[in-house]
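In: have a look; sequence and predicted model below, questions after that.
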Amino acid sequence: HGESYYDIPPAMNGALSGLVAITAGCGVVDPWASVVIGFFAGVFYLFGSWILIQFRLDDAVNAIPVHMFNGIWGMLAVGLFATPRQLEQAYGNGKHPGLLYAIFERQEMDANLLCAQLVGCLFIMAWTVALMFPFFWVLSTQGLFRSLAKDEVIGLDKSFHGGIENTSGMSARQMLFYKSVVDEALRTGELAGEALSPADIDDLRKSAQMHMPPPPPPGSMMGSNHSGVVLPPKSAIKQTAGNNMQGQEQSLGTAAGSSV
């Protein structure tokens, strides 16, 4: 059944989502409303993270769910929960409160503030797209929009920043997937059409060893990581990686000999 564990990054991002969501309305909503806003901020963060996965969009730190999804939610929440008293104190005009306050306190349908907040969200998105799309388009046409595929597999901490990969937060399933990508790179010798140099192969070998799943218990044919993923024996993984590496090095040697 596996062992439960605390996943810290989502908890931290959930807290950040609450801070983002309350920013717009912190001066015009009651304390109970701030709790409601923070609660739904966590929900929208999880939903936004799921949406990114469904559309295969790479956001390593989940900045889009935290800041975009909850930035929009925070602005719309003002149009729902703002009170006339606090609007008057903050802006000198409390004629149009949040929609929920208007419905339950004044028994009227006053959506002026909510519509204004919605228009503000649309304007910010249009402004951002108009300014940033040309910038990113130029980067893309010049080949500067993303890193090389082999650098992504090796790890940007190492290839771009001179550090080492941080695997402390990776589950056994993620490590097994990572190693399968490395093995495929070693087998084919290419990543998105980019030939691997001997230095690249050495980096991939080190990455594969770093992400190697734990060995199986003594006397067992298959190892288990206690999370539902069945892993092959470590010796078999090493043999596969060694065979892949040997074949890649031979192909490189043949290519080098033919070029000479």
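Out: Received it, and whenever you're ready, just let me know what you need.
In: helices along the stretch 51-200 of the chain, start to end?
Out: Applying DSSP state H, counting those that start in this stretch to the stretch 51-200 of the chain gives helices spanning 63, 70-81, 84-91, 99-105, 112-141, 149-154, 156-159, 172-188, 198-210.
In: so who does residue 131 touch?
Out: For residue 131, the contact set (CB atoms under 8 Å, 6 or more residues apart in numbering) is empty. (Glycine included, C-beta is placed from N, CA and C.)
In: state the pLDDT value of it.
Out: For residue 131, the model assigns a pLDDT of 96.
In: dump stretch 13-25 to CSV, keeping only the CA atoms.
Out: Only the C-alpha atoms of stretch 13-25 are listed here, as CSV (Å, rounded to 0.1, in the frame of the first residue of the first chain):
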residue,chain,number,x,y,z
ASN,A,13,2.8,26.9,-3.3
GLY,A,14,-0.6,26.6,-1.7
ALA,A,15,0.5,29.2,0.9
LEU,A,16,1.8,31.4,-1.9
SER,A,17,-1.4,31.0,-3.8
GLY,A,18,-3.3,32.3,-0.7
LEU,A,19,-1.0,35.3,-0.5
VAL,A,20,-1.4,36.1,-4.2
ALA,A,21,-5.2,35.8,-4.1
ILE,A,22,-5.7,38.1,-1.1
THR,A,23,-3.4,40.8,-2.4
ALA,A,24,-6.0,42.6,-4.5
GLY,A,25,-8.7,42.6,-1.8
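In: what are the contacting residues of it?
Out: Contacts with stretch 13-25, where a contact means CB under 8 Å, 6+ apart, come from 29, 33-34, 37-38, 40-42, 44-46, 61-62, 65-67, 69-71, 73-75, 77-78, 81-82, 117.
In: could you find the closest non-adjacent residue to residue 96?
Out: The shortest distance from residue 96 to any residue other than its chain neighbours is 4.1 Å, reached at residue 112 (CB to CB, 6 or more residues apart in numbering).
In: I'd assumed residue 94 was in contact with the one you found.
Out: No - judged on CB atoms under 8 Å, residue 112 makes no contact with residue 94 at a distance of 11.9 Å.
In: so for the two, which sits in the more crowded spot?
Out: residue 94 (17 against 13; other CB atoms under 10 Å).
In: isn't the more buried one up against residue 87?
Out: Yes - in this structure, residue 94 is within contact of residue 87 by CB under 8 Å, at 4.0 Å.
In: follow-up on the earlier one: quick one: the residue nearest to residue 96 and residue 64, what's the gap?
Out: In this view, residue 112 and residue 64 are 30 Å apart by CB to CB, to the nearest Å.
In: if we can go back for a sec, make a ChimeraX selection of whichever of the contacts of stretch 13-25 turn out to be buried.
Out: Buried subset of these, written as a ChimeraX selection, criterion 16 or more other CB atoms under 10 Å:
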select :29,33,34,37,38,40,41,42,44,45,46,62,65,66,69,70,71,73,74,75,77,78,81,82,117
